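Undergrad: okay, sequence plus prediction incoming.
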Amino acid sequence: MRSIWNGAISFGLVSIPIKLVNATESHSISFRQIHLTDGGRIRYRKVCELDEEEVTAADIGKAYEDADGTMIPITDEDLASLPLPTAKTIEIVAFVPASEIDPLQMDAAYYLSANGVPAAKPYTLLREALKRSKKVAVAKYALRGRERLGMLRVVDDVIAMHGLLWPDEIRTTDGVAPETEVTVRDAELDLADALMATLGEVDMNTLHDDYREAVEALIAAKASGEALEPAAADERGGGKVIDLIAALENSVRAAKKARGEEGTEEAQEGTEAPVAKVTSLAGRKKSGGTGAKKKAAPAGAARKTAAKKTTPGRTPAKKTAARSTTKSAAKKTASDTAANTAKSSSANTAKSSSATKPAAKKTSAKKRASA
C-alpha cells in the first residue's frame with residue numbers, strides 16, 4: 001500500500017520511524033455530469049473573477065477571506081515557518097482506557113507501518129505495551145496543513161491510528177432531544193428487548209452495500225442494452241408509527257420469520273391453545289347448511305343429558321322424601337330392636353322361673369321328711 005505521510009512516533013525519548021497508510025477505502029460509485037442534449041461531459045474550469053481568464057493549478061494559491069471580503073494571501077512558506085513540533089512527528093501525550101474516547105470524535109483511520117529494519121524493535125515494543133496495558137495512546141500529529149488529534153490502538157499485529165476531532169469540534173446536544181415529556185411503559189420496553197434479542201448479533205464481515213450492488217447491476221444492464229425490472233416498493237412506510245405496541249410486535253414477528261423461527265413458535269402456540277375455525281355465512285348457504293351442522297351426539301349422551309336436566313321445584317321434593325323415608329326406616333329399626341329385646345328378656349325370665357319352681361319343691365319335701 002502506498003504511504004501518504006512519512007514521519008516518526010515520539011514515545012518518550014524513543015523515536016519510531018513510520019509510514020502512514022490509509023486503512024480504509026471508498027467503494028462508492030462516482031458519476032460524471034453530462035449535457036442531456038448531446039451527452040457531452042460537463043467540466044469545471046477555474047476562472048479568475050477579475051480578468052475572466054482560465055488559470056492553471058500552478059497559478060493558484062491560498063488566501064483567507066476576512067469578514068469584509070478582503071483576501072489575505074497565505075503561502076506554503078508562511079505555514080512552514082510556524083512553530084509546529086508535530087509537523088513530522090506523531091507525539092504521544094497520554095495512555096487512557098479506550099472507553100474514555102467518545103465515538104463521536106472518530107474520524108479517518110490509518111495503519112502505521114515500521115519504516116525500515118531499525119524501526120522494527122521499538123515498533124514491536126510499543127505494540128506489545130499497548131496490548132498488555134489494554135489502553136490506547138492519545139497523540140497529536142500534523143497532516144494536510146493542520147494539527148490533528150489521534151488515537152493509537154492495536155489491530156492484529158499492526159498499530160492503527162484513528163484521527164480524532166478536537167473536543168470543541170463536537171456539537172452539543174441542545175435542542176436535539178424531544179422537547180415533550182414521554183412515558184415509556186414496561187410492556188413497550190419488554191417488546192423492545194424481545195426485538196433486540198430476536199435480531200441478535202451479526203457478523204460484521206457479512207454486511208455489504210446493497211445499494212451499490214443495485215447501481216452496478218443497473219449500469220451493466222444499461223451497457224448491454226437490457227431492460228432492468230424496477231425494484232418492488234418498500235412496504236415498511238416512512239417511519240409513521242400509529243400503534244407502538246403493534247409496530248413492535250410486528251417487528252418481532254418479522255424478525256423471527258426472517259430467521260426461520262416463526263414456524264416453530266406457531267407449532268408451540270398450537271399445542272397450548274387450539275385455534276377455532278370460522279365458517280362464513282356465504283359458505284353455509286352454498287353448501288346447503290350441511291357443512292355447518294354438528295355431529296349427532298350418541299344416544300347414551302342424550303339420555304345422560306336429559307337425566308341431568310331437572311326442574312327447580314322437583315329437587316327439594318326428592319330430598320324431603322328421601323329424608324322422611326330415612327327417618328321412618330330408622331324408627332322401624334329402633335322399634336324392631338326394642339321388641340326383640342323385650343322378647344328375649346321375657347323368655348329369659350320364664351326360663352329362670354321354671355328352673356326355680358322344682359328347686360323349691362325339693363326343698364319343701366326335705367323339710368317334711370326331717371319333721
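TA: Yep, that arrived. Numbers count the residues shown, from 1 in each chain.

Undergrad: neighbours around Leu152, how many?
TA: With neighbours defined by other CB atoms under 10 Å, the count for Leu152 comes to 23. Where C-beta positions appear, they are placed from N, C-alpha and C, glycine not excepted.

Undergrad: surely it is within a helix?
TA: No: secondary structure assignment (DSSP: H, G, I helix; E, B strand; the rest coil) places Leu152 in strand, not in a helix.

Undergrad: doesn't Ile92 make contact with it?
TA: Yes: in this structure Leu152 lies within contact range of Ile92 using CB atoms under 8 Å: 7.1 Å.

Undergrad: between the two, which contacts overlap?
TA: Residues touching both Leu152 and Ile92 by CB atoms under 8 Å, 6 or more residues apart in numbering: Ile9, Ala137, Val138, Ala139.

Undergrad: which of these tops the neighbour count?
TA: Highest neighbour count within the shared contacts of Leu152 and Ile92, by other CB under 10 Å: Ile9, with 25 neighbours.

Undergrad: returning to what we had before: closest one to Pro118 out of the shared contacts of Leu152 and Ile92, please.
TA: Ranked by distance to Pro118 (CB to CB), the shared contacts of Leu152 and Ile92 are led by Ile9 at 13.4 Å.

Undergrad: who are the neighbours in contact with that closest one?
TA: Contacts for Ile9 (CB under 8 Å, 6+ apart) come out as Ser15, Ile16, Ile18, Thr89, Ile90, Ile92, Leu112, Tyr123, Leu126, Ala139, Leu152.

Undergrad: so it bridges to which residues?
TA: Ile9 forms beta bridges with Ile16, Ile90, as assigned by DSSP bridges.

Undergrad: and the gap between the residue lying closest to Ala63 once chain neighbours are set aside and Leu244?
TA: Once flanking residues are discounted, Ala63 sits nearest to Met71: 4.3 Å by CB to CB, 6 or more residues apart in numbering. Computed with CB to CB, to the nearest Å, the distance linking Met71 and Leu244 is 56 Å.

Undergrad: more crowded one of those two?
TA: Neighbours around Met71 and Leu244, counted as other CB under 10 Å, are more numerous at Leu244. The numbers are 14 against 10.

Undergrad: any idea how far Val117 is from that one?
TA: 63 Å.

Undergrad: please enumerate the helices of the stretch 51-200 of the chain.
TA: For the stretch 51-200 of the chain, the helices defined by DSSP state H, counting those that start in this stretch occupy 76-80, 120-133, 186-199.

Undergrad: among the contacts of Ile9, which ones are buried?
TA: The neighbour-count criterion (16 or more other CB atoms under 10 Å) marks Ile16, Ile18, Thr89, Ile90, Ile92, Leu112, Tyr123, Leu126, Ala139, Leu152 among those as buried.

Undergrad: least confident of those?
TA: The lowest pLDDT within the buried ones among the contacts of Ile9 belongs to Thr89, which sits at 89.

Undergrad: ok, that residue touching Ser10?
TA: Yes: Thr89 is within contact range of Ser10, at 5.0 Å (criterion: CB under 8 Å).

Undergrad: what do the two both touch?
TA: Shared contacts of Thr89 and Ser10, defined by CB under 8 Å, 6+ apart, are absent.

Undergrad: thinking again about what came up before, of the contacts of Ile9, closest to Tyr211?
TA: Tyr211 has its nearest neighbour among the contacts of Ile9 in Leu112, at 32.6 Å by CB to CB.

Undergrad: that closest one contacts Asp157, doesn't it?
TA: No: contact criterion CB under 8 Å: Leu112 and Asp157 do not qualify, at 11.8 Å.

Undergrad: got the phi and psi for Pro85?
TA: When read as degrees, to the nearest 10, the backbone of Pro85 gives phi -70, psi -20.

Undergrad: which residues touch it?
TA: Residues near Pro85 by CB under 8 Å, 6+ apart: Glu91.

Undergrad: then Ala227?
TA: Counting by CB under 8 Å, 6+ apart, Ala227 makes contact with Ala221.

Undergrad: for it, helix, strand, or coil?
TA: Classification of Ala227 by three-state DSSP places it in coil.
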